[in-house]
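1. This is a predicted model, with the sequence first.
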Amino acid sequence: MKICVQREDFDLSLETKALSKRDGVGAVASFVGVVRDVGMTLEHYAGMTENSIRKIAEEAQKRWQVMDCTVIHRYGELAPHDQIVLVAVASRHRGDAFAACEFIMDYLKTQAPFWKKEHRPEGAAWVEARASDDEAAGRWEPPARKAG
Amino acid sequence: MLFFASLREQLGTAAEEIELPAGVATVAALRSHLAHRGGAWEGALAEKKNVRAAVNQDMAKPAAAIRAGDEIAFFPPVTGG
């Protein structure tokens, strides 16, 4: 398992290739979050961030057949089109890889201590948490059946 | 105690060390104690405000117990990803 919280950009291709090198891997599912409209500053709770992501990834490993996973989340100044977050999951089969990848992403949005401040033309503003993000994480409760 | 994001800006401070006040044993009690300082503290930490907390770097519910020496963080709902 590789968890990184960093300022630097990441390379999706390198990360997924590293995951696919493991024996028995038949599927690598990945998600990349990108800055949409305006630049932003991403603040995080150093110390807590990596551990909280690790817990989310470990929970995914309990629920699905996950052979390995990589989560990279950036912080600091980000411009439109910059990559923000990578979640990549390696499994024997696609079903587990897709589900675990989406689960990690949904939980990361509601549990990992990051905050976005957007630099809009009218001034900087903190992004408000969205109820739809809580709903997205909530739909994984109760624990999903472990896919066979 | 640590404060993050909009809460840190409203309070004008990122960190503060305090003696655990007598009778304060939970996250909710500490929040209420801080809100009673008035001014920006009351504005930022009033009950109707959506504030989350962590105890020793773990997400914590309002009823979570706190002890002297704990690292308590208050922050708005997270918006990463």
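-> Noted; the coordinates are in hand. Residues are numbered from 1 along each chain as shown, chains lettered A, B, ... in the order given.
2. Which residues of chain B lie near chain A?
-> B:2, B:4-6, B:50, B:54, B:57-59, B:73, B:75-81 (C-beta under 8 Å from any C-beta of the partner chain). For the C-beta atoms, the positions are set from N, CA and C on the backbone; glycine is no exception.
3. Show me what stretch A:15-25 is in contact with.
-> Outside stretch A:15-25, the residues that touch it by C-beta atoms under 8 Å, 6 or more residues apart in numbering or on different chains are A:2, A:28, A:30, A:67-70, A:72, A:86, A:88-92.
4. Quick check: end-to-end length of that stretch?
-> 14 Å (C-alpha to C-alpha, to the nearest Å).
5. what's the answer for stretch A:56-76, then?
-> Distance between the two ends of stretch A:56-76: 22 Å, counting by C-alpha to C-alpha.
6. Stretch A:68-87 now?
-> Span of stretch A:68-87 from end to end, C-alpha to C-alpha: 11 Å.
7. element containing B:Ser32?
-> Assigned by DSSP states H and E, B:Ser32 belongs to helix B:27-35.
8. Please enumerate residues in contact with that helix?
-> By C-beta under 8 Å, 6+ apart, helix B:27-35 touches B:1, B:20-21, B:23-24, B:41-42, B:45-47, B:51, B:53, B:55, B:60-64, B:66, B:72, B:74.
9. repeat that for 7 Å
-> For helix B:27-35, contacts defined as C-beta atoms under 7 Å, 6 or more residues apart in numbering or on different chains pick out B:21, B:24, B:41-42, B:45-46, B:51, B:53, B:55, B:60, B:62-64, B:66, B:72, B:74.
10. So which of those residues belong to strands?
-> Within the contacts of helix B:27-35, residues falling in strands by DSSP state E are B:Ala53, B:Val55, B:Ala60, B:Ile72, B:Phe74.
11. one step back: in the helix holding B:Ser32, which residues are buried?
-> B:Val27, B:Ala28, B:Ala29, B:Leu30, B:Arg31, B:His33, B:Leu34, B:Ala35 (16 or more other C-beta atoms under 10 Å in any protein chain shown).
12. Of those residues, just say which sits nearest to chain A.
-> B:Val27 (14.9 Å; C-beta to the nearest C-beta).
13. Now the closest residue to chain A within chain B. Nearest residue, chain neighbours left out?
-> Across chain B, the shortest distance to chain A (C-beta to the nearest C-beta) belongs to B:Gly80, at 2.6 Å. Nearest residue to B:Gly80 in three dimensions, chain neighbours excluded: A:Phe114, at 2.6 Å (C-beta to C-beta, 6 or more residues apart in numbering or on different chains).
14. can you pull up the bridge partners for that neighbour?
-> A:Phe114 has these beta-bridge partners by DSSP bridges: A:His44.
15. got it, and B:Ile72?
-> B:Val55.
16. Who are the packing partners of the helix or strand harbouring A:Cys101?
-> Element membership of A:Cys101 [criterion: DSSP H and E] is helix A:94-111. Under the contact definition 3 or more C-beta pairs under 7 Å, 6 or more residues apart in numbering or on different chains; DSSP states H and E, helix A:94-111 sits against strand A:27-34, helix A:49-63, strand A:83-91, helix A:131-138.
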